[in-house]
Structure formats: structure tokens, C-alpha cells
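**Student:** Got a sequence here, can you build the structure:
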Amino acid sequence: MPVMPRPSILSVEPYVGGESKVPGVNRIVKLSSNEGPFGPPPAAVAAITEAAKEANRYPDGGATAIREAIGKHHGLDPNRIVVGNGSDELLALLILAYGGEGTEIVMSAHGFLMYELTGRWAGCSVLKVPEKDLQADIDGIIAACGPRTRLVILANPNNPTGALLPQAEVDRLRAGLREDILLVLDSAYAEYVTDPDYDAGAKLVDAGTNTVMTRTFSKVWGLGGMRLGWLYGPPAVVDVLNRVRSPFNVSSTAQAAGIAALSEPGWVEKNVAHNREWVGKMTEGLTKLGLKVHPSHANFLLVDFGSPEASKAADAHLRSRGLIVRGVTVYGLPSCLRITIGTAEECGMVLDALADLRNG
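**Tutor:** Below you'll find the predicted structure:
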């Protein structure tokens, strides 16, 4: 008999990230992974270069300096921050620590795919609650929670839909859950939200012992390649994560890059202003082409082409011009493509290509 893993492992299909190459095309414009359009902040690039000189040294296992920098930037207690190899690692550690065989995770139907994959890997049952007009159904999520539910995971704004749940609804969700259910708020796209009532999760974390917030440096900060994320949570949850994470889970270069990025003046403001401008221009341009564009509070648009066949044809046409976007059939949205907001030139290229396709 061959050595076999737990059965739940074999139920998981490997996660497939956004593509970055098209055979036979010289210039590639990658708009498939919601990466920042301007690269990393200059200060972060300099910090990475400097940190590389001491790559023979282990990083600070406690990530003290980067936690203090995050805490200062966001007005949070650094002792309640855990840094991870991307927020994906922190989400996985939460699921492994609080889930497992015989437990349930509840998520919205079109929530980020890694919640389901990691939950199944951990042996959890994963319940996906249908949405209403691509918006998380709070009453449905609360009703879906049973005696075995241990975690509810909600991305706000959501990926891949871009939908934003009003703060009152997030508060209502927490109030409607049992005290022994951990609410995980994945706020990867928080910096792009302009709603003045929005809170990324810190207030709910501070209000009790059963909510955590995850964040990332991969989007607005342009550091996806560094793999740097962080979590803010109650002391008891932070203690659990520090027990189960690996001792050197974040590289010294990533820590240095994150500290430097936070010090870059005007970086977030520049990116948010660009994103707001081009979300509007892209939405207007695509709508004029007869396409349905779902409202987005993140750095991407979910565009509905009307049918799976039309979506595939549009994807192939864009790829022929070196424009790589993301199909979202795996999210149950086969008629749609998710298009990252790139530079002004890149956004214009997408509009021109789709106009050519629609106009024959």
C-alpha cells in the first residue's frame, strides 16, 4: 500500500494564480492578479537592495520593527499584530488552528477561493452561502452557522466581485454570530475604499475577543513578490498564531520592504486617486460597449460579457494583444472576467481591444 495523505487533501485542486505569459506575444500587460500598477515604492526598492547584503542572516523571528511600523501607521497595538508570509499564510494558520476535522467554515458564495481550498485541506466542511446581486447575504450567513461552525470568513471589499458590505451589515453579522465563532475579516483591499463609514475591522477586533482582521502589502503597496501580510487580533488569538507559525516565516527583505513602504510619502494617496479615476473611466467605457460592469470598491472590475462563450472570446482576444486578465469560472461566474486597474496606458489598451472586438 502506498503512503497516503488524509483524504481531504486529495479533494483539493492546486490554486492557479493569474497568468503572466502568452506564447508568441512580445509585450505582456498583466492585469490578472490585482497588483499595484506602479510597482513597489522607491523606498522599498532601496530597502530590499540594502537588506540583500545580509541575506546570510536569519530574519527577526518576532518581526518587531515591522510590527511597530504597522502599529504606528495604523494606530494599533503592535503586540496584537502578527506578520505573515502574505495574508494567505495567516488565513491558513487561523483555519488550521481553529478549524479541522469535524468543524465547519461558512463563507459567501463568491468569496476568495483560498478560504475554501484551505478549509478543505484542513478537513473542514465549507459552506458557501448564496449571494444577493453579488453581495454577501448576512442573514443567510448567520442562518448557515450550525453547532460545528468555528469560523466565518468575509472579504470586504470582496474578491473577485469588488462588492463592499456596508459597515452596519458587518456589525450586524458579528452581533448575529455565537461568541465561540471566530469572524475573520479579510481586508486586503481596504486602502482603496473611499466610503467614510468603512472600517477595515479594527473596531470590531477591539470590541471583543472573537474577531480578527487580515491585511496585505501585495496590493496598494505593490509588494506582492515579497509575500508580506499582517493580522490584527485579540491577544488570545495572537498568542495562538505565535505558537503555530514558523519561527522565521517572514524574510528580512520583506520586513525591510514593508517598513520602508510605510514611510513613502503620498504613496497610498497617489494609488487611490489613480484607482478612483480609472475605475470610473473603465466603467464608463465598458458600459458604452454594452457590457455590464459590477460596482467595485477595489483595484479591479468584474465585467459580465453575457455568456461563457462571449467571456472566453473576449479573453482570447485580449490575450492575442498581450493583455492578460482573469477568468472567474472557478468562482461560479463563467460569463465574467476580472480586470485589474493598470496604468492609464494599460487601461486604454483594454478599452481599445474590447471596442475592436465589439465593433467587429
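**Student:** I figured I341 hits N275, correct?
**Tutor:** Yes: here I341 lies in contact with N275, judged by C-beta atoms under 8 Å, at a distance of 5.4 Å. Where you see a C-beta, it was placed from the backbone N, CA and C, and this is true even at glycine.
**Student:** which residues are common contacts for the two?
**Tutor:** Residues touching both I341 and N275 comprise N299, with contact defined as C-beta atoms under 8 Å, 6 or more residues apart in numbering.
**Student:** Looking at the two, which has the bigger crowd around it?
**Tutor:** For I341 versus N275, neighbours defined as other C-beta atoms under 10 Å are more numerous around I341 (27 against 24).
**Student:** for the more buried one, what are its contacts?
**Tutor:** Neighbour list for I341: L31, P37, H274, N275, W278, V279, M282, N299, F300, L301, C347 [criterion: C-beta under 8 Å, 6+ apart].
**Student:** So what sits opposite L337 in the bridge?
**Tutor:** Each beta-bridge partner of L337 is listed here, defined by DSSP bridges: V303, G327.
**Student:** V29 versus that one, what's the distance?
**Tutor:** 14 Å (C-beta to C-beta, to the nearest Å).
**Student:** Between these two, tell me which one has more neighbours.
**Tutor:** When neighbours are counted by other C-beta under 10 Å, L337 and V29 differ, and L337 comes out ahead with 28 against 22.
**Student:** Contact partners for the more buried one?
**Tutor:** For L337, the contacting residues are L302, V303, F305, S311, A314, D315, L318, V325, R326, G327, V328, by C-beta under 8 Å, 6+ apart.
**Student:** and if we set it to 7 Å?
**Tutor:** V303, F305, S311, A314, D315, V325, R326, G327 (C-beta atoms under 7 Å, 6 or more residues apart in numbering).
**Student:** I'd like the distance between the last one and D356.
**Tutor:** Using C-beta to C-beta, one obtains 20 Å as the distance from G327 to D356.
**Student:** Those two: which has the busier surroundings?
**Tutor:** Here G327 and D356 are set side by side on neighbour count (other C-beta under 10 Å), and the busier one is G327, at 20 against 11.
**Student:** Isn't that one up against D315?
**Tutor:** Yes: G327 is in contact with D315 according to C-beta atoms under 7 Å; the separation is 5.7 Å.
**Student:** Highest neighbour count among the contacts of L337?
**Tutor:** The most neighbours of any of the contacts of L337, using other C-beta under 10 Å, belong to V303, which has 26 neighbours.
**Student:** Show me the contact partners of the lengthiest helix in the chain.
**Tutor:** If you go by DSSP state H, the chain has its longest helix at helix 267-288. Identification of contacts with helix 267-288 by C-beta under 7 Å, 6+ apart yields 36-38, 41, 191-192, 194, 220, 293, 296, 299, 301, 303, 341, 344, 347, 351, 354.
**Student:** where does that helix sit relative to the chain's centre, distance-wise?
**Tutor:** 19 Å (C-alpha atoms, centre = their mean, to the nearest Å).
**Student:** what about it, average pLDDT?
**Tutor:** Per-residue confidence for helix 267-288 averages out to 98 on the pLDDT scale.
**Student:** Tell me which residues of the helix or strand that comes right after that helix come out buried.
**Tutor:** For helix 267-288, the succeeding helix or strand toward the C-terminus, using DSSP states H and E, is strand 292-294. When neighbours are counted by 16 or more other C-beta atoms under 10 Å, the buried residues of strand 292-294 are found to be V293, H294.
**Student:** Name the strands paired with strand 292-294 and say parallel or antiparallel.
**Tutor:** The sheet places strand 292-294 alongside strand 300-304 (antiparallel), with pairing taken from DSSP bridges.
**Student:** And the partner strand, what's buried?
**Tutor:** For strand 300-304, burial by neighbour count (16+ other C-beta under 10 Å) applies to F300, L301, L302, V303, D304.
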